[in-house]
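# Need a 3D model of the sequence below.
(2 chains)
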2 protein chains.
Amino acid sequence: MTNTNHSTERQPTRGVSRRGLLLGAGGVVGGGLVGAAAGYSVASTAAPAAPGDLQQPVDVSPGVANTQVTVSHPYGTDTIAFYGPRQAGVDTPQQAHAIYIGLNLKDDTDADRLSSMMRLLTDDAARLTQGRGALADLDEELAAAPARLTVTFGFGSEVFDRTRPELKPAWLKPLPTYGIDQLDPAYTGGDVVIQIQGDDPLSVAHARRMLLKDARAFATVAWVQSGFTHARASRPDNTTMRNLFGQIDGTGNPEPGSERAERIIWGVGQGDGGGTKNLQPWIDNGTSMVIRRIAMNVDEWDELDRPAQEGVVGRTLGSGAPLTGEHEHDAPDFEALGPSGFPVISDISHIRRARSDDPDEAMFRRSFNYDEQPAASGDTLHGQTGVSQSGLIFVAFQCDVEQQYTPIQDRLAETDHLNLWTIPIGSAVFAVPPGCQPDGYIGEALFA
Amino acid sequence: MTNTNHSTERQPTRGVSRRGLLLGAGGVVGGGLVGAAAGYSVASTAAPAAPGDLQQPVDVSPGVANTQVTVSHPYGTDTIAFYGPRQAGVDTPQQAHAIYIGLNLKDDTDADRLSSMMRLLTDDAARLTQGRGALADLDEELAAAPARLTVTFGFGSEVFDRTRPELKPAWLKPLPTYGIDQLDPAYTGGDVVIQIQGDDPLSVAHARRMLLKDARAFATVAWVQSGFTHARASRPDNTTMRNLFGQIDGTGNPEPGSERAERIIWGVGQGDGGGTKNLQPWIDNGTSMVIRRIAMNVDEWDELDRPAQEGVVGRTLGSGAPLTGEHEHDAPDFEALGPSGFPVISDISHIRRARSDDPDEAMFRRSFNYDEQPAASGDTLHGQTGVSQSGLIFVAFQCDVEQQYTPIQDRLAETDHLNLWTIPIGSAVFAVPPGCQPDGYIGEALFA
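Next comes the predicted model:
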């Protein structure tokens, strides 16, 4: 088994010879040549013995500068470490598929039973993410190719009420009610969230089944949301995802592992007086997760011409560059004026309204597209007709929802040209507890 | 642009040096090192100019013996030819994602309008599969990475009734009613089917949207089914898919391009008196598609132990080998007896019941898993509870449904141990017309 831990510094993953990998691994699937951002280790496990499965020796790429995670192929046996001070799946390089499960606790799930549930689910997650079957998992072959599977748990208000209410973060409550919202209970709220992410839809589906199987004694399913971005290895690994409007989505994200990302996601440096506010992380190595389901009216969006679409967002569709720039990551120039004297980037464009002058008003986005079975012909569902039922599972991580997320959402809800083609139809807020060690379990601080 | 056409012979794709590809392509995404079964060409198009998209030069694998399609990475620009004597997507190497759309023709969609619809959809499919935007597609970036996208059309009985009834194949009608069926209109019937397959869920979703957008003037959506198998490049490319019971699924398939596959799928050699029956292909280079939606009760399946699960199917779960063999593709020995004198492979096992002594009773399977949002807690949906709503989109191609498919289905419906854990909830039969040339369109023979 090859297992490399890279530091959080960004550097090309050089220094591993292909020859060494091919010759040294002796029939093991080529892999392990994988660096990860933000301190997560990514490993490639040995191939299982089943013929026809993952046994074939293959070549691996030698690593490309400027790419955080290089590709091993077949990548099914790539794993992301489960145990650690922080939960994986937050600033881990984004996977291709995700399922979000909202659970409601049963009435008789008291602190003791909740603790049992979290021990059980933690054990399942620790096994499945490393390519092993869950306890009593008969179909272990479905677990053998985790493909960077991660499982991340978050807690709603009710979990704290049933355990240690004094630890409940002040921001752990529904977002303010916005005039643009048309929230559907089918995608709103929940006491516990399980975020399952991975590069293989089969492994993600299997993890969902195993986790729900063990959760059902303690909780009922409030909602399930499935999403995707582009398939792994279909684009270079650092390609920013596109949503179903064709827009590049997530450009402004801080670089995982950077000082800024550490501050925004995990609150590192906040509370030290180093920022404009004196934010207190609710708990070390924890964060918060906001999940918004945004229906996108692709039919009406299609009626805009391309310059109009780009004006609404403030970025070009091709490269994702701001209308005042050339490349995706160029800083937008909101002062620049066009030939007619109006700003090149409109004051009501999405990019302008989302931008804050306060550097602590920022989030880390990790969104997935959804594309469900359309409503029956003639019906309209969330503003969408029988052609599409598509949109975005918008997921944001930040240390403090009220200080970092809500001001941006307030501004966008008030004015954002994009609101004409989007409807928020689901909303949920969760506290993401720290990671755990092999002798512990996720959420253990609530049961101390 | 690199574009190679390989013959239908199976051979390792040697002889292309990595150095040549890396140095010769000058910034173009490495690719084109791709052979395909059954005469379809697979090509890799040049990267579009958008920064951050598909521009990064990368390494490619030199090809692995015994694998039909080698991997180019990123593979987003890989394409499968649309034009040709046969439609793609039937015996093309299986992609990772699929969407099936059943359409019902509107009352005023007469032969003329139907012809217009098929011209329009053919043009969309020809463009999208080659990485170009559909007509009036503003979000062409979503089309730029087709990742082996194919679009395949099939016609139900109604299409013939409105055009040339005399060409309607005798087998183009609903399957017999089986006692095991619990057919749901939401997954049954339909006048036209569009099968969209590809390795990238984003490209598949975009194609669905573009095709439905153009179809809606002529037809309404009867049903949509989305499925998946393991992600591309996560396993070696010739790995047989696993279903959500953990079983390897599709082992007995004839090898695309082989004499047997040509006969079974396309009727080549049938009608020449070379077989046990004198089957007539309904039309040269056409075939039939049966789509059955099979709900799988994974919860109750989980209650079986592993030997019991293997006994039900007649194959081991690990390798997929028959219980009398060692490897997936070993021929089962139905005569072999176990220590207690009973057959090693039970007479009511799935593998035994599915096997026919008539070599023309055979189909080409191309199935995908589905894993939908579970029913609300406490509810039961198609025998499934709030944990899973999972199963198989079972798709079979064969020249003649009645001669090749129905006898097997009859036998399985009568007795198949697996029936205890599966329920057919959808069923549809379509005629798949031949392919077309750039100056034609799919189905043109019906409008001649």
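# Okay, helices next: where are they in the stretch 251-400 of chain A?
A:259-266, A:298-301, A:306-313, A:350-354 (DSSP state H, counting those that start in this stretch).
# do the stretch 51-200 of chain A as well
Going by DSSP H, counting those that start in this stretch, the stretch 51-200 of chain A shows helices at A:111-129, A:157-161.
# mind checking which of these is nearest A:Pro322?
helix A:111-129 (37.4 Å; CB to CB). All C-beta spots, glycine's among them, are computed from the backbone N, C-alpha and C.
# Using CSV, write down the CA coordinates of the closest one.
Provided in CSV are the C-alpha atoms of helix A:111-129 (Å, rounded to 0.1, in the frame of the first residue of the first chain):
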residue,chain,number,x,y,z
ALA,A,111,-28.5,11.9,24.5
ASP,A,112,-27.5,8.3,25.1
ARG,A,113,-29.1,7.0,22.0
LEU,A,114,-27.8,9.9,20.0
SER,A,115,-24.3,9.0,21.2
SER,A,116,-24.9,5.4,20.1
MET,A,117,-26.0,6.6,16.7
MET,A,118,-23.0,8.8,16.2
ARG,A,119,-20.6,6.0,17.3
LEU,A,120,-22.3,3.7,14.8
LEU,A,121,-22.3,6.2,11.9
THR,A,122,-18.7,7.3,12.6
ASP,A,123,-17.6,3.7,12.5
ASP,A,124,-19.5,3.2,9.2
ALA,A,125,-17.9,6.3,7.7
ALA,A,126,-14.4,5.4,8.9
ARG,A,127,-14.7,2.0,7.2
LEU,A,128,-16.5,3.0,4.0
THR,A,129,-14.2,5.9,3.2
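# could you give the mean pLDDT of that helix?
Here helix A:111-129 scores 98 as its mean pLDDT.
# and that helix with chain B, contact?
No - using CB under 8 Å from any CB of the partner chain, helix A:111-129 never reaches chain B; the gap is at least 13.5 Å.
# Can you name the residues in contact with that helix?
A:79-80, A:82-83, A:88, A:105, A:109, A:133-135, A:137, A:143, A:146, A:149-151, A:153, A:159, A:162-163, A:194, A:203, A:206-207, A:210-211, A:214-215, A:217-219, A:436, A:438, A:440-444, A:446-447 (CB atoms under 8 Å, 6 or more residues apart in numbering or on different chains).
# same question, stretch A:431-448
By CB under 8 Å, 6+ apart, stretch A:431-448 touches A:82-88, A:90, A:111, A:114-115, A:118-119, A:121-123, A:125-126, A:152-156, A:159-160, A:163-164, A:167-169, A:172, A:282-289, A:397.
# Can you say which of those are buried?
Listed as buried from these are A:82-84, A:86-88, A:90, A:114-115, A:118-119, A:121-122, A:125-126, A:152-156, A:159-160, A:163, A:167-169, A:172, A:282-283, A:285-289, A:397; burial here means 16 or more other CB atoms under 10 Å in any protein chain shown.
# A:Arg232 contacts A:His97, correct?
No - using CB atoms under 8 Å, A:Arg232 makes no contact with A:His97, being 9.0 Å away.
# Give the residues shared as contacts by these two.
Contacts common to A:Arg232 and A:His97, judged by CB under 8 Å, 6+ apart, are A:Asp199, B:Ala231.
# Enumerate every residue touching the closest residue to chain B within the stretch 151-300 of chain A.
Among all residues of the stretch 151-300 of chain A, A:Gly246 sits closest to chain B, at 3.1 Å; criterion: CB to the nearest CB. Listed by CB under 8 Å, 6+ apart, the contact set of A:Gly246 reads A:Gln309, A:Leu317, B:Leu138, B:Asp139, B:Glu140, B:Glu141, B:Leu142.
# Quick check: closest non-adjacent residue to the residue nearest in space to the middle of chain A.
By CA atoms, centre = their mean, chain A has its centre lying nearest to A:Arg366, at 3.7 Å. Once flanking residues are discounted, A:Arg366 sits nearest to A:Val395: 4.8 Å by CB to CB, 6 or more residues apart in numbering or on different chains.
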